[in-house]
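Peer 1: sequence and predicted structure below; questions after.
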Amino acid sequence: MKHSLSPTPVQHRFVMSMTAINPFSRLAERAQTLVTRAVATSVFCASFAAPAATCPPNLPPSATPDSAYTVNADDTVIHIATGLMFKRCNEGRSGVNCATGSTTLNIWPGALTASRNSTFAGYSDWRLPNLQELRVLLNDSCHTPSINDTVFPNTASSPTWSSTTYTQAGNASAWIVDFSDGQSSPLDKNTGNYAVRLVRAGGVFDAVPTRILNIDDSDTGSRYQPATDGILLLRYLLGYRGAALIATARGISPQRDATAVELHIQRYIDSKAFDVDGDNQVLALTDGLMIVRRLLGLSGTALTAGAKQGSRTDDEVRDAIDLLKP
Ligand SMILES: [Ca+2]
Ligand SMILES: [Ca+2]
């Protein structure tokens, strides 16, 4: 299975526009630098088990470290900042490290239908991700692949379909993301056979990463505060609800009342966003305490001493918390 991609003005325009509108603009900038190399080496084989990613030195840290995700036992993965749930393996693959089977390649209409028909892990609302959702997974610091290959092992090195139609060519093309090099381009819907990665949930994709730790949705000056947001989370985890939950614990111009605070916290307990030590549970005296400590500015052992239960390192706990306060 071989595909050859040529650089087009469209691709370059797209990369530039993504830089302007996308909060993950580093991804787009990185993609731009990769276009030349990508085109020079754009031969892909979907069943090829990719070696470890190549990560050139002196680039900023990855925007998609392990701590950006919660990997569930049923081989679903939650992207914490957006709440999107992805299937860990490309369609056609399964098992440990997605090493069983080979990636199913499909034309775009077939990919749309197969996505809607999936009942993987007991969910019936799988779909093909739109372009922004798919690009959330790009690791702009590496290529071959340009995705976190611990979380998404054996990712297809062929293009992966998005659900987004390219509207300037009679709607005949749809956007793909190529996770071997980070490139996006529009390809013909009915002649190209490409890979599929399923997504579900997450609501409408929010162009601004969710400020999960701004629990009271307060104004800029008190956006992330230990004495308000931190206390609200701790109280909730200790069982406080209603007026007792929010009494004297909200910041400047809070947009959430007690009910909205409860819904917000529970949503991100369910998504495991608040499981910052990675032990698969959200507890007041572990995760809650470390989140308050981080809001106080602590790091290293001062952040985790006596509170960390999971296997994450101190820095990974710190990064997992910092992801919640973009
Ligand atoms: Ca706040
Ligand atoms: Ca935990």
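Peer 2: Perfect, I can see it now. Numbers count the residues shown, from 1 in each chain. Ligands and ions are numbered 1, 2, ... in the order given.
Peer 1: write out the residues of the stretch 151-300 of the chain neighbouring ligand 2.
Peer 2: Residues of the stretch 151-300 of the chain lying close to ligand 2 by C-beta under 5 Å from the ion are Asp275, Asp277, Asp279, Asp287. In this view, the C-beta of every residue, glycine as well, is placed from N, C-alpha and C.
Peer 1: so which of those is the most crowded?
Peer 2: Of all those, the most densely surrounded is Asp287 (30 neighbours; neighbours counted as other C-beta atoms under 10 Å).
Peer 1: can you get me a residue count around Asp66?
Peer 2: Asp66 - counted by other C-beta under 10 Å - has 16 other residues nearby.
Peer 1: can you list the weak-confidence ranges in the stretch 51-200 of the chain?
Peer 2: 51 (pLDDT under 70).
Peer 1: how many neighbours does Gln266 have?
Peer 2: 13.
Peer 1: skip the chain neighbours and tell me the closest residue to it.
Peer 2: Tyr236 (7.9 Å; C-beta to C-beta, 6 or more residues apart in numbering).
Peer 1: what about the strands in the stretch 1-150 of the chain?
Peer 2: 69-71, 76-79, 84-87, 93-94, 100-101 (DSSP state E, counting those that start in this stretch).
Peer 1: with mean neighbour count and distance to ligand 1 added, can I get the ones you listed in CSV?
Peer 2: Shown next, in CSV, are the strands of the stretch 1-150 of the chain (neighbours: other C-beta atoms under 10 Å; distance: least, C-beta to the ion, whole Å):
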stretch, mean neighbour count, distance to ligand 1
strand 69-71, 20, 23
strand 76-79, 21, 23
strand 84-87, 23, 24
strand 93-94, 19, 42
strand 100-101, 14, 45
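Peer 1: mind putting those into TSV with distance to Val292?
Peer 2: TSV is the format used below for those (distance: least, C-beta to C-beta, whole Å):
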stretch	distance to Val292
strand 69-71	21
strand 76-79	23
strand 84-87	27
strand 93-94	40
strand 100-101	43
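Peer 1: rewinding a little: dump the residues of the stretch 151-300 of the chain next to ligand 2 into TSV; add distance to Ser184 and pLDDT as well.
Peer 2: Converted to TSV, these look like this (distance: C-beta to C-beta, whole Å; pLDDT from 0 to 100):
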residue	distance to Ser184	pLDDT
Asp275	32	94
Asp277	35	95
Asp279	36	94
Asp287	36	98
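Peer 1: just the C-alpha atoms of stretch 268-276, please, in PDB.
Peer 2: The C-alpha trace of stretch 268-276 is given here as PDB (Å, rounded to 0.1, in the frame of the first residue of the first chain):
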ATOM      1  CA  TYR A 268     -13.900  15.800  35.600                       C
ATOM      2  CA  ILE A 269     -13.900  13.100  38.300                       C
ATOM      3  CA  ASP A 270     -15.700  10.900  35.800                       C
ATOM      4  CA  SER A 271     -13.100  11.700  33.000                       C
ATOM      5  CA  LYS A 272     -10.300  11.000  35.500                       C
ATOM      6  CA  ALA A 273      -8.900  14.500  34.800                       C
ATOM      7  CA  PHE A 274      -8.600  15.000  38.600                       C
ATOM      8  CA  ASP A 275      -6.800  11.600  39.000                       C
ATOM      9  CA  VAL A 276      -3.500  13.400  38.900                       C
END
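Peer 1: can you tell me what sits against it?
Peer 2: 70, 78, 80, 83, 212, 233, 265, 280-282, 287-288, 290-291, 310, 312, 317, 320-321, 324 (C-beta atoms under 8 Å, 6 or more residues apart in numbering).
Peer 1: in the stretch 151-300 of the chain, which residue sits nearest ligand 1?
Peer 2: For the stretch 151-300 of the chain and ligand 1, the shortest gap (C-beta to the ion) falls at Ser218, measuring 3.7 Å.
Peer 1: verify the stated contact: that residue with Ile246.
Peer 2: No. Ser218 is beyond contact range of Ile246, at 11.4 Å (criterion: C-beta atoms under 8 Å).
Peer 1: more neighbours, those two?
Peer 2: Ile246 (25 against 21).
Peer 1: so how far is Ser271 from that one?
Peer 2: 22 Å (C-beta to C-beta, to the nearest Å).
Peer 1: one more: Ala195?
Peer 2: 26 Å.
Peer 1: mind checking which of those two has more residues around it?
Peer 2: Neighbours were tallied for Ala195 and for Ser271 using other C-beta under 10 Å; the higher tally belongs to Ala195 (26 against 22).
Peer 1: leaving out chain neighbours, which residue sits closest to that one?
Peer 2: Ala156 (3.6 Å).
Peer 1: any idea which strand is longest in this protein?
Peer 2: For the chain, the strand with the greatest residue count under DSSP state E is strand 159-166.
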